[in-house]
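# show me the folded form of this:
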Amino acid sequence: MSDELDMKMIAKAVEDVNKAWEAEKSARDEIAAEVKKLGAAMPETEAKLAKIAEDLDKAQRVADEAVLAAKRASNVVCNERGDIVDMEKLMAEKTAAFDRQIKSFGITAPNADGEALDGYKTAEQAYWRKGLDVMSDAERKALSVGGDANGGFVVNPDMSGRVVQKVFETSPMRAYASVQVISTDALEGLFDLNEAGFGWVEETGARAETSTPDLGKYRIPVHEMFAKPTATQKLLDDAELDMEAWLAGKVADRFARAENAAFVNGDGVSKPRGFLTYDAGTTLPGQIQQRNSGASGAFPSAAGGGDVLIDALYDLKAPYKANATWAMSRATSKLVRKLKDTTGDYLWTPGIAAGQPATLLGYPVASFEDMPDPAAGSLSVAVADWAQAYQIVDRIGIRTLRDPYSSKPYIEFYSTKRVGGDVVNFEAIKLIKLAA
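Sure thing, here's the model as predicted:
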């Protein structure tokens, strides 16, 4: 699909969102009039509203993807020193790790020039299909250009870039949170917990001791995640497809889904800790302020039923509110689209142009499908300055092992990646619980 066609599709999606939104408002007004006049809505009107809502959801999904693309283009990734990391340059450097002399398979790799890289790419395809045992000495030697002497695994220098980039594109949290690349097993930093004390005094007045601000320390370790797609040897022998691309796609999909779930709901044990796992409260650090919606599993149906959204937004201090983004699942968005203020105006507004998100109370809305759908007591809505609130930590490196023995007649491709994540600024995020 061409970029031009993509833009046309996105523009049409935005147009469809706005048309469907106007139709949905009209249908809701029609239902309200029927309830007032007849005591209940007509079935055909409710069916019409359901169809309009479905069309709106489909169009909004396309529009949201365009917003994510724009967010990815402007997202900043830093290393542990706080320096901005050029992801494309980083991956190019990893791919061009030919400057080193690498020992692999008991031989010394040659200096990897362009010709050696071409030989490696050819040998790498043979590796996916045949494995090391039946490769020729020439293929083994060519493959050693991309060898990893430390772990003994075969590492495709292109695969690390492809998989990390695909995960970066797929994970919604990565488009909003702060991301740092580290070279150790954890990222450490300090919480600035409070202010220094002070006092007013006359020229000759006594100066009492004032309070000293406290500092706390946080540590975000990286955890290992893995994927293990399989293929039969017959498929590998006969396939004309690009096995590297196939494997990268399988691994990226597995990693992205695992990451997304952990950043939201992870318990921090062998995985990142999610922002929904902290206790309710205002004690810092370690608690996140929550507000109840006022109705179990829903928002109050009366006018002003969305006032809790206003309260949560303004619970954020001004520096955080200025960069706030709402996060919720699409099922929760359906509830939020129904809400009006006390003057009868809807709180939710669709994006008016490609790359512009839908807004809630004037602030953008992001689709986080790993957040819970509406249910009694569910934490279904969050609002935060995500770059301040949540920190993602990457230990760049994809290792891949071809295993022809464990699951015969299948060949397993075992890939691993290390990633961490946790809340680092508890003031910069607020949650809404759908509870009375």
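# what sits against the nearest residue to Asp279 once chain neighbours are set aside?
Once flanking residues are discounted, Asp279 sits nearest to Gln287: 5.1 Å by C-beta to C-beta, 6 or more residues apart in numbering. No exception for glycine: its C-beta is placed from N, CA and C like everyone else's. Neighbour list for Gln287: 278-281, 426 [criterion: C-beta atoms under 8 Å, 6 or more residues apart in numbering].
# in strands, which of those residues appear?
279-280 (DSSP state E).
# so which of the contacts of Gln287 is the most crowded?
The most neighbours of any of the contacts of Gln287, using other C-beta atoms under 10 Å, belong to Phe426, which has 20 neighbours.
# quick one: that residue from Asn260, how far?
As for Phe426, its distance to Asn260 is 21 Å (criterion: C-beta to C-beta, to the nearest Å).
# Throw the contacts of Gln287 into a markdown table and include pLDDT and distance to Asp315, thanks.
Below are those laid out as a markdown table (pLDDT from 0 to 100; distance: C-beta to C-beta, whole Å):
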| residue | pLDDT | distance to Asp315 |
| --- | --- | --- |
| Tyr278 | 97 | 15 |
| Asp279 | 97 | 16 |
| Ala280 | 97 | 12 |
| Gly281 | 96 | 13 |
| Phe426 | 95 | 12 |
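# for Gly197, report the pLDDT, please.
For Gly197, the pLDDT comes out at 86.
# and it, helix, strand or coil?
When classified by DSSP: H, G, I helix; E, B strand; the rest coil, Gly197 comes out as coil.
# residues in contact with it?
Gly197 touches 210-212, counting by C-beta under 8 Å, 6+ apart.
# which residues sit in contact with Arg418?
Arg418 touches 185, 222-225, 394-395, 397, counting by C-beta under 8 Å, 6+ apart.
# among these, which lie within strands?
Counted as lying in strands by DSSP E, out of the contacts of Arg418, are 223-225, 394-395, 397.
# now the buried members of those.
223, 225, 394-395, 397 (16 or more other C-beta atoms under 10 Å).
# and which of these is nearest to Lys433?
His223 (27.7 Å; C-beta to C-beta).
# where's the closest one relative to Ala258, distance?
As judged by C-beta to C-beta, His223 and Ala258 stand 10 Å apart.
# please apply the same query to Gln290.
26 Å.
# before we move on, what about Lys58?
26 Å.
# same deal with Glu427?
Going from Glu427 to Ala258 by C-beta to C-beta gives 28 Å.
# once you drop chain neighbours, what's closest to Asp16?
Counting by C-beta to C-beta, 6+ apart, Ala59 is the residue found nearest to Asp16 once chain neighbours are left out, at 3.8 Å.
# how about CSV for the ones in strands among the contacts of Arg418, with pLDDT and distance to Ala53 added?
Below are the ones in strands among the contacts of Arg418 laid out as CSV (pLDDT from 0 to 100; distance: C-beta to C-beta, whole Å):
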residue, pLDDT, distance to Ala53
His223, 95, 39
Glu224, 94, 41
Met225, 91, 36
Asp394, 89, 38
Arg395, 84, 42
Gly397, 68, 44
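# generate TSV for the residues you listed, with distance to Val381 as supplementary columns.
As requested, the ones in strands among the contacts of Arg418 are exported to TSV (distance: C-beta to C-beta, whole Å):
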residue	distance to Val381
His223	27
Glu224	32
Met225	28
Asp394	28
Arg395	32
Gly397	36
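# what's the burial count for Asp370?
Neighbour number of Asp370 under other C-beta under 10 Å is 20.
# so what's the backbone phi/psi at it?
phi -90, psi -10 (degrees, to the nearest 10).
# also Val269?
Torsion angles, degrees, to the nearest 10, at Val269: phi -100, psi 110.
# which residues does Leu434 bridge with?
Ser378 (DSSP bridges).
# pretty sure Leu316 is touching Trp386, no?
No. Distance between Leu316 and Trp386: 11.7 Å, which falls outside the contact criterion (C-beta atoms under 8 Å).
# any residues in contact with both of the two?
Ala428.
# which neighbours do His223 and Ala258 have in common?
Here His223 and Ala258 have Lys271 as joint contacts, going by C-beta under 8 Å, 6+ apart.
# where does confidence bottom out across the contacts of Gly197?
Out of these, that is Thr212, at 79.
# Gln60: neighbour count?
25.
# phi and psi next, for the nearest residue to it once chain neighbours are set aside.
Spatial nearest neighbour of Gln60, chain neighbours left out: Val17 (5.4 Å); criterion: C-beta to C-beta, 6+ apart. When read as degrees, to the nearest 10, the backbone of Val17 gives phi -60, psi -50.
# ok, Val17 to Ile220 distance?
Distance, Val17 to Ile220, using C-beta to C-beta: 37 Å.
# thought Glu224 was touching Tyr414?
No. In this structure, Glu224 is not within contact of Tyr414 by C-beta under 8 Å, at 11.6 Å.
# what about Val423, how many neighbours?
With other C-beta under 10 Å as criterion, Val423 counts 24.
# now do the contacts for it.
Residues near Val423 by C-beta under 8 Å, 6+ apart: 273, 275, 278, 285, 288, 389-391, 429.
# leaving out the residues flanking it, which one is nearest to it?
Once flanking residues are discounted, Val423 sits nearest to Phe275: 5.2 Å by C-beta to C-beta, 6+ apart.
# circling back: okay if I get the contacts of Gln287 as a markdown table plus distance to Trp246?
Listed next are the contacts of Gln287 as a markdown table, based on distance: C-beta to C-beta, whole Å:
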| residue | distance to Trp246 |
| --- | --- |
| Tyr278 | 39 |
| Asp279 | 44 |
| Ala280 | 45 |
| Gly281 | 48 |
| Phe426 | 42 |
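# farthest pair in the contacts of Gln287?
Ala280 and Phe426 (11.3 Å).
# check contacts around the spatially most central residue of the chain.
Nearest residue to the geometric centre of the chain (C-alpha atoms, centre = their mean): Met173, 2.4 Å. By C-beta under 8 Å, 6+ apart, the residues touching Met173 are 259-260, 263-264, 368, 386, 390, 392, 421.
# likewise Arg337?
Arg337 is in contact with 21, 24, 53, 56, 346, 348, counting by C-beta under 8 Å, 6+ apart.
# was I right to think the fourth one contacts Lys25?
Right, Leu56. No. Applying C-beta under 8 Å, one finds Leu56 not in contact with Lys25, separated by 10.6 Å.
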